[in-house]
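S.K.: fold the following and give me the result.
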Amino acid sequence: MSRKYKAGGIVAGFALLAIYFSGQFPPFTNPNELTRLETVYAFVEKGTFAIDEVIPILGDHEDKASVAGRTYSNKAPGLALAAIPVYRALRVFWPAPRTAADNLFVLLRLLVVSSVCIAALVRFLVRLAPHPGATLIGLAVAFGTPYLFYARSFFSHAWAAALLFLAWDLLRRAEEREHSRRVVWTLLSSGAVAMWAAISEYPVAPLAALLALRAFSGRSWKRATLFVSGAALPLALLLAYNAVCFGSPFSLSSAHEASPLYAGLVHQGFFGFGRPNLAVAVRMWASPERGLLLFCPFWLWSIPGFIQWWRSGHDRSDAAFALASCVGFFVLMTAYSNWHGGWSLGNRYLLPVLFLAGLALPHALSSPLSRSAFLAATVFSVVSHFLLTASWPHFPPDFSWPVAAGSEWFLQRGWVAPNLLHRFSVLSLVPPAVVTVAAVVMALRSSTGYFLRPAAVLVGLLIAFSTLWIGREPAYSPRLWRAAIYGAYSGLDPRREELARVVLSARTPFERRQGAAAWRLYGKGELQKPE
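M.R.: The predicted model follows:
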C-alpha cells in the first residue's frame with residue numbers, strides 16, 4: 001500500500017467524520033455559529049445584513065452588534081460572506097430553514113467550512129509527503145487537535161487555519177512554477193485567500209501581513225505586488241460591509257457590541273488585547289482546562305522541529321515565516337483577556353497557526369526514539385479528542401479535565417454528539433471509532449524507522465485511558481454546570497434529576513446560593529429529592 005494511498009485514507013476518514021456528525025446540539029445553538037447563520041439567512045431571505053427579523057425565527061443570542069436601533073452579527077463577516085452564494089444556490093432546492101439545526105445549514109457547513117478544511121488537509125499532506133512520518137503527522141494534526149471538530153462546525157477558526165495555509169501553499173506553488181502563465185492568477189489567489197482568512201478572524205490579520213512579507217522574499221516586487229493586489233478584493237468587501245452596517249468602512253462590528261459583557265471586554269485595551277501575559281502563556285500550555293500539552297502533547301516536537309528546520313538551511317524563508325507566525329500569534333493571544341474562548345473545545349483561538357506549526361514537526365523526527373515518543377503522544381491526542389467530541393464539546397473555562405469530568409460522564413448517561421445514527425445512542429459511536437482506528441492503522445503502516453512501535457501505541461493508549469480517572473469528581477460549581485447542561489440539552493433527563501442531586505448536595509452557603517440560581521435557570525418545577 002503506497003504512502004499516497006494511506007495519506008488519502010487520512011483525508012477520507014476526516015471527511016467521513018465531518019459528514020457523520022451534524023455539529024449541532026438542538027435545542028442548543030452555539031451563539032458563535034448562530035450569529036453567522038443569521039447573517040446569511042438575513043441577506044438572502046430579507047435583503048439586509050441586519051438580523052432583527054431573523055432572531056425570532058432562528059433564536060436569540062449574545063453575539064450581536066447594535067447600531068441605530070438595528071442588530072447585526074458582532075463577528076468578522078468573512079465566513080458569512082463566503083456562505084451567502086452557497087446558501088442562495090441551496091435555496092433553489094430547499095425551503096427556508098425554520099431552525100438553526102435545519103439540514104440546509106448542515107449542508108451549508110459541509111460545503112463551505114468542511115470542504116475548505118479538507119482541501120487544506122490534502123495540501124498539508126502533499127507538502128509533508130517527502131518527509132518520513134508525514135502520514136503520522138497528518139493524523140496528529142487532523143485527528144489529535146480541535147481542528148476536526150471545528151471543521152464540522154460553523155465557527156471561523158478551522159476555516160481561517162485552512163485559508164491561511166492554502167494561501168501559503170498557493171504562494172509556494174507560484175514560486176515553484178515561476179515561468180508558468182498561471183503564476184499571476186496563483187499569486188492573486190494567494191493574496192485573496194490570505195485576506196479572506198483575515199476578514200473571517202480579525203486576529204489573523206498580522207499573519208496575512210507576514211505572508212505578504214514572505215511573498216516579498218528575494219526582493220520580488222512582482223510577487224509582493226500581485227499578492228497585495230489579490231488581497232484588495234476581500235478587503236474591499238470588508239470595507240463595504242462595514243460601511244453598510246456600521247456607517248463607516250473603518251468601523252468594525254466589535255466596536256458596537258450589544259452585550260454588556262462583550263462591550264466591557266472590547267474596551268479593555270485594544271478590542272480586548274492588552275500586554276502579553278506570562279501567566280496566561282503558562283495556562284495556555286499546561287492548564288487542565290485549555291493546556292496544549294495536556295490535550296495535544298505532540299506539539300512539544302514543534303520546538304526542536306523549528307530549531308532543526310532553521311539549522312538545515314532548507315526553505316529558510318518559510319521557516320522564518322512559520323516560526324514568526326506561530327510565536328507571534330501565541331504571544332498575541334496571551335494578551336487577549338478572553339484567551340480561553342469561553343465555552344470551548346481546547347484553545348480554539350490558536351487554530352489559525354495549526355498547519356504552520358505542523359510544518360516544523362518532520363524536522364524533529366530524526367531518530368527512532370523521537371518518532372516512537374511522537375507516536376505515543378499522537379495516539380494519546382487522537383483518543384482524547386475522539387472522547388472530547390463524542391458528546392457535548394463546549395466546556396467552560398473553569399472546567400478542568402473535561403475528558404474524565406465531562407465526556408466520560410455524559411457518555412455513561414447515553415448522551416452522544418448528534419450523528420447519522422443518533423437514535424442508537426452510544427452504539428452510534430462505533431462507526432466513527434472504526435474510522436478513527438483505520439486512520440491510525442494507515443498512519444502506522446506508512447511509518448518506518450520506529451523503535452518498539454507496538455509499545456509506543458500501547459503507552460499512548462494507557463496514558464489516554466488513565467486520564468479518565470483524573471478529575472472524575474470535580475468541584476461543586478463544575479458539577480452543577482455539568483448536570484444543568486445535561487438536563488437542558490440532552491433530552492435524557494426531563495425531570496432534571498441529576499441537577500437536583502447536585503443542588504441538594506451543597507454544603508456551604510455559597511454553594512447553596514449557586515445551586516438555587518442554577519435551579520431557577522435550568523430546573524423544572526419544585527426542587528425535590530430524586531428517588
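
S.K.: could I get the full set of strands for the stretch 1-150 of the chain?
M.R.: 64-67, 70-73 (DSSP state E, counting those that start in this stretch).

S.K.: ok, the last one: who's next to it in the sheet?
M.R.: Think strand 70-73. Using DSSP bridges, the strands paired with strand 70-73 are strand 64-67 (antiparallel).

S.K.: and the strand it pairs with, what's buried?
M.R.: Neighbour counts over strand 64-67 (16 or more other CB atoms under 10 Å) mark 64-65, 67 as buried. Yep, even glycine has a C-beta here, placed from its N, CA and C like the rest.

S.K.: pLDDT of it, averaged?
M.R.: Mean pLDDT, strand 64-67: 92.

S.K.: give me the contacts around that strand.
M.R.: 35, 51, 71-74, 245-247, 253-254, 256-259 (CB atoms under 8 Å, 6 or more residues apart in numbering).

S.K.: so which of those belong to helices?
M.R.: 35, 245-246 (DSSP state H).

S.K.: next up, the contacts around Phe105.
M.R.: Contacts for Phe105 (CB under 8 Å, 6+ apart) come out as 24, 37, 97, 154.

S.K.: how much space separates the second one from Tyr241?
M.R.: When you say that, I think you mean Leu37. 17 Å (CB to CB, to the nearest Å).

S.K.: what's around the residue nearest to Ala96 when sequence neighbours are not counted, how many residues?
M.R.: Spatial nearest neighbour of Ala96, excluding adjacent residues (CB to CB, 6 or more residues apart in numbering): Glu45 at 5.9 Å. Neighbour count for Glu45, taken as other CB atoms under 10 Å: 16.

S.K.: of the contacts of Phe105, just the buried ones, PyMOL syntax please.
M.R.: Applied in PyMOL, the following selects the buried portion of the contacts of Phe105 according to 16+ other CB under 10 Å:
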select buried, resi 24+37+97+154
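
S.K.: list the contacts of the closest residue to Ala390 other than its chain neighbours.
M.R.: Nearest residue to Ala390, sequence neighbours excluded (CB to CB, 6+ apart): Leu429, at 5.5 Å. Contact analysis of Leu429 by CB under 8 Å, 6+ apart lists 390, 411, 416, 419.

S.K.: let's see 10 Å
M.R.: 20, 386-387, 390-391, 411, 416-417, 419, 421, 436 (CB atoms under 10 Å, 6 or more residues apart in numbering).

S.K.: in TSV: these, plus distance to Val112 and pLDDT.
M.R.: Formatted as TSV, the contacts of Leu429 follow (distance: CB to CB, whole Å; pLDDT from 0 to 100):
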residue	distance to Val112	pLDDT
Tyr20	18	97
Phe386	25	97
Leu387	27	96
Ala390	24	97
Ser391	25	97
Leu411	30	96
Val416	25	97
Ala417	20	97
Asn419	20	96
Leu421	25	96
Thr436	24	97
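
S.K.: apart from its neighbours in sequence, what residue is nearest the spatially most central residue of the chain?
M.R.: Geometric centre of the chain, nearest residue: Tyr150, 3.8 Å, by CA atoms, centre = their mean. Distances taken as CB to CB, 6+ apart place Ala158 nearest to Tyr150, at 3.7 Å, with adjacent residues excluded.

S.K.: buried residues in whichever strand or helix holds that neighbour?
M.R.: In the assignment (DSSP states H and E), Ala158 maps to helix 157-176. Using 16+ other CB under 10 Å as the test for burial, helix 157-176 gives 157-175.

S.K.: by contact count, what packs against that helix?
M.R.: If contacts are counted by 3 or more CB pairs under 10 Å, 6 or more residues apart in numbering; DSSP states H and E, helix 157-176 sits against helix 78-90, helix 115-128, helix 147-151, helix 183-200, helix 205-215, helix 221-246, helix 316-334, helix 354-358.

S.K.: against Met333, how distant is the residue nearest to the centre of the chain?
M.R.: Counting by CB to CB - Tyr150 and Met333 are separated by 16 Å.

S.K.: do the same with Phe93
M.R.: Distance from Phe93 to Met333, by CB to CB: 41 Å.

S.K.: give me the element the closest residue to Leu300 other than its chain neighbours is part of.
M.R.: In this structure, Leu300 finds its nearest non-sequential neighbour in Leu293, 6.7 Å apart by CB to CB, 6+ apart. Element membership of Leu293, judged by DSSP H and E, is helix 292-295.

S.K.: touching that helix from outside, list them.
M.R.: 144-146, 284-289, 298-300, 302, 330, 345-347, 350, 377, 380-381, 384-385, 388, 400-403, 467, 470.

S.K.: swap in 7 Å and give it another go.
M.R.: Helix 292-295 is contacted from outside by 284-286, 288, 299-300, 346-347, 381, 384, using CB atoms under 7 Å, 6 or more residues apart in numbering.

S.K.: and if you look at stretch 478-494?
M.R.: So stretch 478-494 is contacted by 25, 27-28, 392, 396, 398-399, 405-406, 409-410, 413-415, 496, 498-499, 502, 514-515, 518, 522 (CB under 7 Å, 6+ apart).
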